[in-house]
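**Q** pasting the sequence and the predicted coordinates here, then a few questions.
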Protein chains: 2
Amino acid sequence: MKRLSIAIAAATLAIAAPAAAQDLAGGAAAVRDKALTDQTAWSIAESLTTEVGPRMVGSQGMERARDWAVAKLKALGFENVRVESFTTPAWSRGAESVEVVAPWPVKLHVLGLGGSVSTPAGGITAPIAVFTSYQTMLDQPPGALAGKIAVVTQRMGRTQDGSGYGAIGPQRWTGAAEAAKRGAVGYLMRSLSTDDTRLPHTGGGAPAGIPAAALSTPDADLLENMARRGQPVTVRMAMTSSVNPKAQAWNISGEIRGREAPDEVIVIGGHLDSWDPGTGAVDDAAGIAITTAAAKLVAQAGPPRRTIRVVMWGSEEQGGSSEAYAAAHKDEAAKIVVAGESDSGAGRIWSVSLPKAGADHAAMKAFRTSLAPLKVGVSPEPPAFGGADIRGIIGLGAPFVDFNQDASRYFDLHHSADDTLDKIDPAELAQNVAVWASFLHTVANSDVEFRTKPAP
Amino acid sequence: MKRLSIAIAAATLAIAAPAAAQDLAGGAAAVRDKALTDQTAWSIAESLTTEVGPRMVGSQGMERARDWAVAKLKALGFENVRVESFTTPAWSRGAESVEVVAPWPVKLHVLGLGGSVSTPAGGITAPIAVFTSYQTMLDQPPGALAGKIAVVTQRMGRTQDGSGYGAIGPQRWTGAAEAAKRGAVGYLMRSLSTDDTRLPHTGGGAPAGIPAAALSTPDADLLENMARRGQPVTVRMAMTSSVNPKAQAWNISGEIRGREAPDEVIVIGGHLDSWDPGTGAVDDAAGIAITTAAAKLVAQAGPPRRTIRVVMWGSEEQGGSSEAYAAAHKDEAAKIVVAGESDSGAGRIWSVSLPKAGADHAAMKAFRTSLAPLKVGVSPEPPAFGGADIRGIIGLGAPFVDFNQDASRYFDLHHSADDTLDKIDPAELAQNVAVWASFLHTVANSDVEFRTKPAP
């Protein structure tokens, strides 16, 4: 029996030792190819958007999402399924109504911005001041907007890399606060949208003390056209909202445990919470689905050397999950081999950015080779962002990757009622899973080292 | 002095006599080319959608539309501007809320169908029965839907000629009545939409006695996906509406008076009313704009022989204006040279269908020649429809034309909140004006006869 035990131990060692580059390449290609026809990611996205739907932090939807996440991870065979609680302020939408009352009455399609205050009962009725560029509003002196509702209608550009969002982002992030500084009593902005549907796009904004809402792009056009006539245009805003300063939230995780180096952890995932108007399909059921399915595919190929942990972060949109995750895991930060988050929808990946340390390791060369059929290049630039939910652990020293997705259509949908399952292209979703699975397989089964200060 | 009078009379005759084919071709080409850069149509569509917006028959918006129409026709130099009153039943929307209550609660994006009854106070809560084809619902025996909310989710096809609408139309037109016959307590249907936005498309339906609403296409998908799981799905419908059985409505017209044969009248136009969710841009500010601008361009080219009358019909969507127009004009029906309505949006015209009598007249040959640069063919088929608002006068014997527009995108927008100005392509709008102006110029300045029984 002793001989048998030794034989088993040897076999286990054979499985668990860092694989040779040739084996890595073969393994990465195999999980990649399996991913391209595997239905797990689609099934996860379909399940989350159908059985849970909208899931704002602090809502009943989020409680259902928590239970869904635990059940889904267990059903897929993840180990160490954990629910890590934290509290965070949670804004929630009440009734919202914004309309032109004179001279051409019409109801406007709006969504309050996260963090917007309520109007007084009866609403606010005031003339509008329309600015077709955000800078023009910023150029107004203090008091210039006194008693007015400021309206910014600057358009967002469509870009493959999503950079149009960052370029125009301040219009939402700080617009209401800047308008309030200049005396405005309300703030309306063209949605950060590349689409022309009558659906506004919500999102968080800095505290401003005045009600603030996003207009659908056709409604922004309408206010521009009314303003161009030179007559005063009067708008009424009636909005309510509430804030729970200590809403319960949860980061939920499950692991594919490493067999040789279980304490070396690859941390990946997406965020479980969503804004309220859609069913949170591209933002971010897609990210949850891609990373969970990729980890599952690697597990199916055989126990990896290192541990893969999938995290479903619980409060990305309103913030808090990154900090909570970093606080809960600060003691293991040095053991995080690499971190990554999928949170740019389901558009295909067109390039990957790898940490400089390790990028030229034989394992990563095998990974690069596996990417060619997926039409993915390796960027010469190092990773720049990682993801909102891993900023905390990156701050603790965790290396991270960026998988750059085609965001051309993402901002047609982002934070709007149009963020629904039908907008996910199954083939593009599968391409994402293939890239992630290939990467996870390679990193989890090799000794590639991205940390500049390796774990003790 | 007598000689001078004779000279003036001769000159007048020279202007007013039917033009030679060569002159007609030159004139048609000139108005066509002017139309391609003229801004009148765009300006009309912009004005109606900005200064009036939604205009349901029976609403304050429609009263404003009436005043807008009179002022616009006068400002453009039309003569004999007339407001012809009639009454018609007018349905109007109240509050509407439809949601899945179990097992996966979510609010659905819906619009009540015109004619839908209100639910009892507190709404109707019932299990759904989902049919992915309309025929499958029709195949159910009496009583099969007792106590249920019937849901039909059949998809609409995208077609250049708009035939996908007619093919699936019964799902809206008679679906609720057919569901009620089988015992259903409510009716939901996938919008007659070729788009995937979260915006439902309303429209009229036959009286059914049960509440009926259109789902956005992603919401129809969602109910399909829920139903596929095999568990009972419970929906709550809470809707209110009201009907004014004798709402005031108006057909409004203006004329370019003919100088030789003023009693020979070309009747063209679009409809002024709209559904409530959008601003009625493609349905039918476009038709109003195209026909009004085309008539104006012909007038600018010099006084025509025959009269061109532009009519803005006042109740197409809920019906009534066709009958009212025919009743008010039955005595002049024999004097209507030809009638036409523009009511398929602003997509480019790809073919025209001319009445058989007159189609081979030299004037029509000149018209055909003018169409070539616009990439418009003459259909071998005779006109089949004309337009909903001219069915009445067609019934009295008026000849009519069909200008067939590319409707590929029309049903992305039709009857939805997305029917807004930005969806009109200015170049395609201008191409429509060019075709109409060329046609009007040719018919108004010739003696082409489409009537099989010419006026006495």
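**A** Here it is on my side, so go on. Numbering: from 1, shown residues only, chains lettered A, B, ... in the order given.

**Q** in the strand or helix carrying residue A:179, what's buried?
**A** Under the criterion of DSSP states H and E, residue A:179 resides in helix A:175-181. Within helix A:175-181, the residues that qualify as buried are A:175, A:176, A:177, A:178, A:179, A:180, A:181, counting by 16 or more other Cβ atoms under 10 Å in any protein chain shown. For glycine as for every other residue, the C-beta is placed from the backbone atoms N, C-alpha and C.

**Q** do the same with stretch A:83-90
**A** A:84, A:86, A:88, A:89, A:90.

**Q** for it, give the mean pLDDT please.
**A** In this model, stretch A:83-90 carries a mean pLDDT of 98.

**Q** rewinding a little: so is the very next helix or strand once past the helix holding residue A:179 next to chain B?
**A** The first helix or strand that comes after helix A:175-181 along the chain, using DSSP H and E, is strand A:186-190. No. Taking Cβ under 8 Å from any Cβ of the partner chain as the criterion, strand A:186-190 and chain B are apart, separated by no less than 11.9 Å.

**Q** how far out from the middle of the chain is strand A:186-190?
**A** Counting by Cα atoms, centre = their mean, to the nearest Å, strand A:186-190 is centred 24 Å from the centre of its parent chain.

**Q** give the partner strands of it in its sheet and their orientations.
**A** strand A:149-152 (parallel), strand A:212-215 (parallel) (DSSP bridges).

**Q** would you mind giving the domain segments of chain A?
**A** Each domain of chain A is listed here as a residue range: A:18-87+A:246-444, A:104-232, per automatic domain parsing.

**Q** how near is the residue nearest to the spatial centre of chain A to residue A:280?
**A** Nearest to the mean C-alpha position of chain A, by Cα atoms, centre = their mean, lies residue A:343 at 3.2 Å. Distance, residue A:343 to residue A:280, by Cβ to Cβ, to the nearest Å: 11 Å.

**Q** return the most buried member of the domains of chain A.
**A** Each of these was assessed for mean neighbour count using mean count of other Cβ atoms under 10 Å in any protein chain shown. The highest is domain A:18-87+A:246-444, with a mean of 22.

**Q** first-to-last residue distance for that domain?
**A** One end of domain A:18-87+A:246-444 sits 9 Å from the other (Cα to Cα, to the nearest Å).

**Q** and it, how far from the chain's centre?
**A** For domain A:18-87+A:246-444, the distance to the chain centre is 10 Å (Cα atoms, centre = their mean).

**Q** wait, does it make contact with chain B?
**A** Yes. Against chain B, domain A:18-87+A:246-444 shows contacts by Cβ under 8 Å from any Cβ at A:46, A:49-54, A:60, A:277-279, A:416-418, A:420-423.

**Q** just the ones of those residues in helices?
**A** A:46, A:49, A:50, A:51, A:60 (DSSP state H).

**Q** okay if I get these as JSON lines plus pLDDT and distance to residue A:220?
**A** Formatted as JSON lines, these follow (pLDDT from 0 to 100; distance: Cβ to Cβ, whole Å):
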{"residue": "A:46", "pLDDT": "98", "distance to residue A:220": "33"}
{"residue": "A:49", "pLDDT": "98", "distance to residue A:220": "28"}
{"residue": "A:50", "pLDDT": "98", "distance to residue A:220": "32"}
{"residue": "A:51", "pLDDT": "98", "distance to residue A:220": "35"}
{"residue": "A:60", "pLDDT": "97", "distance to residue A:220": "33"}
